[in-house]
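S.K.: all I have is the shape, not the residue letters:
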C-alpha cells in the first residue's frame, strides 16, 4: 500500500508521498489481517479531535495472526495511535517499523501512543516519535515483546507526564497470560523527556527478563521545580545489562531498580560503563536507587558527576540510595564528583564516601572530577589528563558508546596493562580531546 513502482517493479523513491487525510473521528484508517503486508511512502493526516483509539494503521490477530509486516517511510500526524497492534500476540511476529515518523499523537481523554506494539522477532528502527498531545500517553508502548529490537530511534515527549518508552504486560502474570517480555535489545536510541508536573519516567517498564540496554542517551531537561524523585530509567527485571549509556539529567533518579506490584523482585542487574551527568539546576539527584528486595546488583566503571547543589529535598545529594542489604550490592571502580559531600543514603542513613567505603564498598572508587571534554555541550569524551583513563576494572563490556574496542592502554596511565576506562567512552587516539 502506498508505494510508487516503476515498470520494472522497482520503487520510485523520487515521487512525493501521497497524503491521506482522515476526517472521521472515531475509526481506524487501515486494518491489517493475516500475512505479508507492506505499507510505505505515505503521509497520514488525522485531526486533533480524534476520539477513542483511532489508529492510522492497526494490525489484528483475530482470524489469523499477522506475520511479515513492514511499515516504512511513513509519516503519521494527529492520530490517537499512529501504529497499533492487537493484544493477542502469541503468534504475531516479524513486524517491522522502519524509517517512519509519528507526530502530535493523542486523544481527548483517552490516551494514545505513537507506537503501540506487541510482537515477537520484530523491530522498531530509524523512527522518530515526537510529542504526545492532549490526552496522549507514552511515545511508544510495548505490552509484550520477545526478541524485540528497538534501535536508532528518537523518542521525544516534551508535553506529557508519561514515558518515552514503556514495557508492560497488561497484568498478564496475574491472568496466567503472556508472562514477562524476554530477550530484548534496546540500543542507540535517544530518549528525551521533559516533565511538567508529576514524577514520571523517560523509560519505564513493568517486568522484563534477559534484556540489554546499551548505547542509549537519556535526557531530562526543563524540569518543573516541584518534581522530586522522577525516575529517568526505571526497571523491574531479572538478568539485565545496562551498559555504555549516557544519562544527562536535570532532576530525579537516573536509574531506579524498582520492586513493586508483588511480581518477582529485580535481580541480576549489571550496571557497567555508564556516564551520569547532572546539571547545575538539578533537584534531588540520586543516580541509582535500589529498592527493597533487589538482589545481585553490580555497579562498575561508572562516572557520576553533579555540577550544582540541590534546589529541593533538604540539599541531599547522593550517588546511591539503597534499601536492600549490602551483601546484594557489588559497587567498585567508579568515579564520583559533586560539590555536596553526601555520597549515599543507606537504609535512611546519610553516608559520606569514606563511611561507605568503611563497609567494604567502592574501595577502588574515587571522588574526583572526571574531566570531560565539554559536558555543557553534551561531549562526555575524556580529556587526555582524565583520571578515568585506565582506572576501571575488567568487565564483560568490550566496546564503548561509539563502538571503540575496549580496553585501550594509554602510556603513562594505570599499571601498563590494558585496562578499561571508566564511563561510557574509552579514550584512544580515535577520539582525542582536541
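M.R.: Ah, there it is. The shown structure was predicted, so the numbers you read here are calculated from the model rather than taken from an experiment.

S.K.: got any ranges where the stretch 101-250 of the chain has weak pLDDT?
M.R.: 107-111, 132-137, 158-162, 168-179, 193-207, 221-231, 250 (pLDDT under 70).

S.K.: kindly report the same for the stretch 251-400 of the chain.
M.R.: 251-264, 280-286, 292, 308-326, 340-342, 345-348.

S.K.: where do the strands sit along it?
M.R.: In the stretch 251-400 of the chain, the strands defined using DSSP state E, counting those that start in this stretch lie at 255-257, 267-272, 275-278, 288-290, 295-300, 303-306, 320-322, 329-332, 335-337, 344-346, 349-351, 366-367, 372-374, 379-382.

S.K.: this protein: helices as residue ranges?
M.R.: Remark: helices assigned in the chain by DSSP state H are 353-357.

S.K.: just so I know, which of the strands of the stretch 251-400 of the chain lies nearest residue 91?
M.R.: strand 267-272 (29.6 Å; C-beta to C-beta). For glycine as for every other residue, the C-beta is placed from the backbone atoms N, C-alpha and C.

S.K.: what strands line up against that closest one, and which way round?
M.R.: strand 237-243 (parallel), strand 295-300 (parallel) (DSSP bridges).

S.K.: please identify the deepest-packed of these.
M.R.: strand 237-243 (a mean of 22; mean count of other C-beta atoms under 10 Å).

S.K.: and the contacts of that strand?
M.R.: 205, 207-214, 233, 235, 255, 264, 266-274, 397 (C-beta atoms under 8 Å, 6 or more residues apart in numbering).

S.K.: stretch 382-400 now?
M.R.: 243-244, 270, 272-273, 300-301, 303, 332-333, 335, 364, 366, 368-373, 405-407, 409-410, 413-415, 419-427, 432-433.

S.K.: in that stretch, what counts as buried?
M.R.: 382, 383, 386, 387, 388, 389, 390, 391, 392, 395, 397, 400 (16 or more other C-beta atoms under 10 Å).

S.K.: again with stretch 86-100
M.R.: Buried-residue list, stretch 86-100, by 16+ other C-beta under 10 Å: 86, 89, 92, 93, 94, 95, 96, 97, 98, 100.

S.K.: for that stretch, measure first residue to last.
M.R.: End-to-end distance of stretch 86-100: 20 Å, with C-alpha to C-alpha, to the nearest Å as the criterion.

S.K.: mean confidence score for that stretch?
M.R.: Averaging pLDDT along stretch 86-100 gives 80.

S.K.: figure out which of the strands of the stretch 251-400 of the chain is closest to residue 149.
M.R.: Shortest distance between residue 149 and the strands of the stretch 251-400 of the chain, using C-beta to C-beta, is found for strand 267-272: 20.0 Å.

S.K.: need the contact partners of the closest one.
M.R.: 235, 237-244, 255, 257, 288, 294-302, 395-397.

S.K.: separation between residue 144 and residue 18?
M.R.: Relative to residue 18, residue 144 is positioned 33 Å away (C-beta to C-beta, to the nearest Å).

S.K.: so between the two, which is more surrounded?
M.R.: In terms of neighbours (other C-beta atoms under 10 Å), residue 144 is the more surrounded of residue 144 and residue 18; the figures are 26 against 12.

S.K.: hang on, that one packs against residue 93?
M.R.: No - applying C-beta atoms under 8 Å as the test, residue 144 and residue 93 come out as separate, 11.8 Å apart.

S.K.: if we can go back for a sec, tabulate the strands paired with strand 267-272 (CSV), appending distance to residue 30.
M.R.: As requested, the strands paired with strand 267-272 are exported to CSV (distance: least, C-beta to C-beta, whole Å):
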stretch, distance to residue 30
strand 237-243, 35
strand 295-300, 45
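
S.K.: for residue 58, find the nearest of the ones you listed.
M.R.: Of the strands paired with strand 267-272, nearest to residue 58 by C-beta to C-beta is strand 237-243, at 29.3 Å.

S.K.: and the end-to-end length of stretch 352-372?
M.R.: Chord length of stretch 352-372, first to last residue, is 24 Å (C-alpha to C-alpha).

S.K.: got the buried residues for that stretch?
M.R.: Result for stretch 352-372 [16+ other C-beta under 10 Å]: buried residues 353, 356, 357, 361, 362, 365, 366, 367, 369, 370, 371, 372.

S.K.: same check on stretch 32-42?
M.R.: 32, 37, 39, 40, 41, 42.

S.K.: OK, contacts around the last one?
M.R.: Read it as residue 42. Residue 42 neighbours (C-beta under 8 Å, 6+ apart): 1, 2, 17, 18, 20, 74, 75.

S.K.: so which of those wins on neighbours?
M.R.: residue 74 (25 neighbours).

S.K.: that residue and residue 40 touch, don't they?
M.R.: Yes - contact criterion C-beta under 8 Å: residue 74 and residue 40 qualify, at 6.4 Å.

S.K.: wait, isn't residue 210 in contact with residue 182?
M.R.: Yes - the pair residue 210 / residue 182 is scored as a contact, 5.3 Å apart, by C-beta under 8 Å.
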